[in-house]
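Visitor: sequence first, predicted model second:
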Amino acid sequence: MSANFYFGVEVFLNGLMAGVMYSLVALGFVLIFKASGIFNYAQGVMALFAALTLVGFQNGQIPFAHLINAIFGTDLHHFGWHMPAFLAILCALGVMILFAFLVERYILKHLVNQEPIILFMATIGLAYFMEGFGDLMWGSDIKKLDVGIPQGGNIWLEENTAFLGGEDFYGFYLDNLDIWATVLAAILVTSLVLFSQYTKTGRALRAVADDHQAALSVGISLRSIWVIVWSIAGFVALVAGIMWGSKSGVQFSLSLIALKALPVLMLGGFTSIPGAIIGGLIIGVGEKMFEFLIGAPFLGGATENWFAYMLALLFLVFRPQGLFGEKIIERV
Amino acid sequence: MNAIDSYLTPDGRTIGAPVMEMKNITLRFGGVVAIKDISFDIREGEIRAIIGPNGAGKSSMLNVMNGFYHPQEGEVHFRGEKRGPMRPHQIAHQGIARTFQNIALFKGMSTLDNIMTGRLTHMKTGMLSQIKWWGAAQREETANRELVEKIIDFLEIQTIRKTPVGRLPYGLQKRVELGRALAAEPKLLLLDEPMAGMNVEEKEDMSRFILDVNDEFGTTIALIEHDMGVVMDIADRVVVMDYGKKIGDGTPEEVRTNQDVIDAYLGVAHD
Ligand SMILES: Nc1ncnc2c1ncn2[C@@H]1O[C@H](COP(=O)(O)OP(=O)(O)O)[C@@H](O)[C@H]1O
Ligand SMILES: [Mg+2]
C-alpha cells in the first residue's frame, strides 16, 4: 500500500473522531426535541456555561466577583482553593441539573401547549440570558481548561503503525485529546441509548416523545420527564464543553459548536437517536475525506467550513425527514 | 335506583356501591357549553355506558373523569372521597386508566413496550436502581412482565408482541391500547369509543374482551359508544347525552323506551 492510502486512513480516523463529538452535541438536541418538541437554541450556550462553571469551580473563583466588587468596593476574586477536576465536574453537573429544574419551573411549565415557534423563541431568550449570566458569574475573559486529559500526538500509536506504509509513512498521527474525547463520547452515547431502551425512566421518556396525552394517561408526569431530559442535555453539554474547552479554551466561540450539530440533525432527522449518531459520523468523516480527496487538491482547501451545510442542503431537498426521521405526512 | 347500595343484574352479578360520582358537572369552552349540569354515578363492577350523538359531550365527560379537563362547576367523587384539583398523571396513579377515541399509542414502541408502560403506576424502584439487570429493578421488571404477558395472551395478540404498533392495522391498535389500560389493573377503566371504525367481526371481538374483563377481573368500566346497538348488548346501565345535557339514565331497556332518547337519535328538531 502506498503512503497516500494510509494518510487517507488517518484522515478517515480523524473524521470518525470529530464525528463522534458531533453526534454527542446533536444528541443533546434530539433528546429535548423528542421529549418536548422544542428545538433548543440554547444547547451551545449550555456547553459554554457548563465549561465556565467547571473552570470556575476548579480555580476556586468567587461567582459574581465583579458584581460584588463593583457594588461593595471590595476586591474579591478567589476562594483560594483549587478543586480536584473530578469534584469540580460533579459540582458543575449539579449546577446543570439545578439549571434544568429552573428551566422547567420558570419557562417550560408556563409554555405548555404553545406553538413550537414560541418555544423556540423562548430558548433564544434563554441562550442570551445564559450567555450574559455566565459572563456576570465567572467573568468574560478566555479561560484555560485542564481536567487532566493528555494532549498532543499519541506517540505509541505513531511508532507502532509506522511500519505499515514504507519510506514516506511515519505512522498514524492522532491527538490524545481527540482519542479521549472519542472514547468518552462513545461511552456516553452508548449509555444514553441503553438508558432509553432498558430502563423504566427511559421507557417513560420514549412514551412522552411519542404522545403526551397517552403518557399522562399511564401516569407519567411530563414535568419530571422534562427535568430529566434537560438534565441529560446539561450533562451532554458539560461533556462537550470539557472536550472543546480543553482543546481551544473556554470562550464565547465554544457556544458555536451547536452550529455543527445543525447539519447533523438535518441529516439524521430531529427525532432519531440513531440518526444523530450516524449523521454525526457521516458528517465528521465526510468533511475530512472531502477535504483530503477533493477540497485540498482541486478546490483550494478550507472546504470543511461548508461541506456539512452543503450535505445538509442536499438532504433537505431530497430527503427532508432525514436518514431515519419519521416520514412527514400532513393529515388532511 | 341511585338510592340503594347495590343491585343485581339480570345475569346475576352483584353491582356494588358507587366508585365514581359526578355531581352537577358543568364544563365550558369559551361560549360552548360542552357539559351542562350533569350528575350520575358509576358503580363497583358494572359496565356503564355513555351514549349520544356526535358532539354531545361524551368525550369531554371522560376527559373530566381522568383530569384532562377541569369542570367550571360540580364535583367529582372517587371511591367515596371528593377529588381536589389533580393532574391527569396523578389521577392515573389513583387507579383510573383509559383509552382514546383517536388511538393514542406510543407509535415507535413495540406492543410489549406499550403495554409495559401501563405498569408504570405499579413500579416503585428509583431512578438510579433501575437498570434492567440490577437486583430489585430486575425482579420488578420480571414480575410486571409476567402480568403483561398474561394480558397479551388474554387479548390474543401474541404474534405482534415485538411489532412497532405504528405498523399495526387499526383494529389491533385498538386492542393494544386496551391492553395498556388493563396493565394498570385499574379500579376504573374508561373506554372512549373502543369499537369505532371497526368491522363487525372486530366489534364482536372487542365486545367479548370488554365483557370478559368485567367478568373475570371484576373491573368497573365506563365506556362511550356511538352505536346504540352494541351498547344495549353489553352495558348494565346507560347515560344518554345530547347537546351537553343528560337526557336519559337507566337500564338499556329503560333508555330504549325513553321518548327524549328516541327523539335525539331520530334527529327530531331541538326547540
Ligand atoms: N378542547 C376543546 N376545546 C374547545 N371545544 C371543545 C374541546 N373539547 C370538546 N369541545 C367541544 O365540546 C363539545 C363536545 O365535544 P365532545 O365531548 O368531543 O363530544 P362527543 O365525544 O360526544 O362527540 C363539542 O362542541 C366540541 O367542539
Ligand atoms: Mg367523542
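Guide: All right, it came through fine. Ligands and ions are numbered 1, 2, ... in the order given.
Visitor: who are the contact partners of the residue in the stretch 151-300 of chain A positioned nearest to ligand 1?
Guide: Closest contact between the stretch 151-300 of chain A and ligand 1, by C-beta to the nearest ligand atom, is at A:Q213 (11.3 Å). Just so you know, the C-beta spots here come from the backbone N, C-alpha and C atoms, and that holds for glycine as well. Applying C-beta atoms under 8 Å, 6 or more residues apart in numbering or on different chains to A:Q213 gives the contacts B:68, B:100, B:104.
Visitor: go again with 7 Å.
Guide: Neighbour list for A:Q213: B:100, B:104 [criterion: C-beta atoms under 7 Å, 6 or more residues apart in numbering or on different chains].
Visitor: how deep is the closest residue to B:Q94 other than its chain neighbours tucked in, by neighbour count?
Guide: Distances taken as C-beta to C-beta, 6 or more residues apart in numbering or on different chains put B:F78 closest to B:Q94, at 6.5 Å, once the chain neighbours are dropped. For B:F78, the number of neighbouring residues by other C-beta atoms under 10 Å in any protein chain shown comes to 20.
Visitor: next: A:T161.
Guide: Neighbour tally, A:T161, other C-beta under 10 Å: 18.
Visitor: single out the residue in the stretch 151-300 of chain A that lies closest to ligand 2.
Guide: When distances are taken as C-beta to the ion, the stretch 151-300 of chain A reaches nearest to ligand 2 at A:Q213, 13.8 Å away.
Visitor: for that residue, what is the enclosing helix or strand?
Guide: Applying DSSP states H and E as the criterion places A:Q213 in helix A:212-217.
Visitor: cool, B:R48 as well?
Guide: In this structure, B:R48 sits in strand B:47-51 according to DSSP H and E.
Visitor: do you know how far A:M130 is from chain B?
Guide: Distance, A:M130 to chain B, by C-beta to the nearest C-beta, to the nearest Å: 26 Å.
Visitor: show me what from the stretch 1-150 of chain A comes close to ligand 1.
Guide: Proximity of the stretch 1-150 of chain A to ligand 1, by C-beta under 6 Å from any ligand atom, involves no residues.
Visitor: what residue in the stretch 1-150 of chain A comes nearest to ligand 1?
Guide: A:N113 (10.3 Å).
Visitor: and that residue, what does it touch?
Guide: If you count contacts by C-beta under 7 Å, 6+ apart, then A:N113 has nothing around it.
Visitor: check the secondary structure at it for me.
Guide: Recorded secondary structure, A:N113: coil (DSSP: H, G, I helix; E, B strand; the rest coil).
Visitor: quick one: it from A:V183, how far?
Guide: Distance, A:N113 to A:V183, using C-beta to C-beta, to the nearest Å: 42 Å.
Visitor: same thing with B:N102?
Guide: Where A:V183 is concerned, B:N102 sits at a distance of 46 Å (C-beta to C-beta).
Visitor: state the helix or strand in which the residue in chain B that ligand 2 sits nearest to lies.
Guide: Nearest residue of chain B to ligand 2: B:S59, at 3.2 Å (C-beta to the ion). Assigned by DSSP H and E, B:S59 belongs to helix B:58-65.
Visitor: got the angle for that helix vs strand B:47-51?
Guide: 130 degrees (axes from the mean of the first three to the mean of the last three C-alpha atoms, to 10 degrees).
Visitor: just the mean pLDDT for the helix holding A:Q213, thanks.
Guide: What helix A:212-217 shows for mean pLDDT is 94.
Visitor: tell me the buried residues in that helix?
Guide: Buried residues in helix A:212-217, counted by 16 or more other C-beta atoms under 10 Å in any protein chain shown: A:212, A:214-217.
Visitor: closest to A:N176 among those?
Guide: Minimum distance to A:N176 across the buried residues of helix A:212-217 is 43.6 Å, recorded for A:A215 (C-beta to C-beta).
Visitor: separation between that closest one and chain B?
Guide: Applying C-beta to the nearest C-beta to A:A215 and chain B gives a distance of 8 Å.
Visitor: where does pLDDT dip in the stretch 51-200 of chain A?
Guide: A:165 (pLDDT under 70).
Visitor: and stretch B:194-211 with ligand 1, contact?
Guide: No: using C-beta under 6 Å from any ligand atom, stretch B:194-211 never reaches ligand 1; the gap is at least 10.4 Å.
Visitor: so which residues make contact with that stretch?
Guide: With C-beta under 7 Å, 6+ apart, stretch B:194-211 has contacts from B:99, B:101, B:155, B:170-171, B:174, B:178, B:221, B:223, B:225-227, B:230, B:233-234.
Visitor: please apply the same query to stretch A:193-210.
Guide: Taking C-beta under 7 Å, 6+ apart as the rule, stretch A:193-210 contacts A:34-35, A:214-215, A:220, A:222, A:225, A:228-229, A:273, B:106-109, B:113, B:116-117, B:120, B:123, B:127, B:130-132.
Visitor: select only the buried ones of those residues in PyMOL?
Guide: Of those, the buried ones go into a single PyMOL selection, burial set by 16+ other C-beta under 10 Å:
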select buried, (chain A and resi 34+35+214+215+220+222+225+228+229+273) or (chain B and resi 106+107+108+109+113+116+117+120+123+130+131)
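Visitor: for the residue in the stretch 1-150 of chain A that ligand 2 sits nearest to, phi and psi?
Guide: Nearest to ligand 2 in the stretch 1-150 of chain A, going by C-beta to the ion, is A:N113, at a distance of 19.8 Å. With angles defined as degrees, to the nearest 10, A:N113 sits at phi 70, psi 10.
Visitor: phi, psi for residue 148 please.
Guide: Looking at chain A here, since you left the chain open. Phi and psi for A:G148, reported as degrees, to the nearest 10, are phi 90, psi 10.
Visitor: looking at chain B here, not the other one
Guide: Torsion angles, degrees, to the nearest 10, at B:V148: phi -60, psi -40.
Visitor: so which residues make contact with stretch A:313-327?
Guide: For stretch A:313-327, contacts defined as C-beta under 7 Å, 6+ apart pick out A:266-272, A:274-275, A:278-279, A:328.
Visitor: just the CA atoms of that stretch, as CSV, please.
Guide: In CSV, the C-alpha atoms belonging to stretch A:313-327 read as follows (Å, rounded to 0.1, in the frame of the first residue of the first chain):
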residue,chain,number,x,y,z
LEU,A,313,-28.9,21.2,2.0
LEU,A,314,-28.9,18.2,-0.4
PHE,A,315,-30.7,16.2,2.2
LEU,A,316,-33.3,18.9,2.7
VAL,A,317,-34.0,18.8,-1.0
PHE,A,318,-34.1,15.0,-1.5
ARG,A,319,-35.0,13.6,1.9
PRO,A,320,-36.3,16.3,4.2
GLN,A,321,-37.2,13.9,7.0
GLY,A,322,-33.5,12.9,7.3
LEU,A,323,-32.0,9.5,7.3
PHE,A,324,-34.1,7.9,10.0
GLY,A,325,-36.7,10.6,10.7
GLU,A,326,-40.3,9.7,10.5
LYS,A,327,-41.8,10.5,7.2
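Visitor: how about the residues of the stretch 1-150 of chain B by chain A?
Guide: B:66, B:88-89, B:92-93, B:98, B:100, B:104-109, B:113, B:116-118, B:120-121, B:123, B:127, B:130-132 (C-beta under 7 Å from any C-beta of the partner chain).
Visitor: residue numbers of chain A in contact with chain B?
Guide: Near chain B, when you scan chain A using C-beta under 7 Å from any C-beta, you find A:198-201, A:203-204, A:206-207, A:210-211, A:213-214, A:216-221.
Visitor: flag the shaky bits of the stretch 151-271 of chain B, pLDDT-wise.
Guide: Counting by pLDDT under 70, the ranges of the stretch 151-271 of chain B that qualify are B:266-271.
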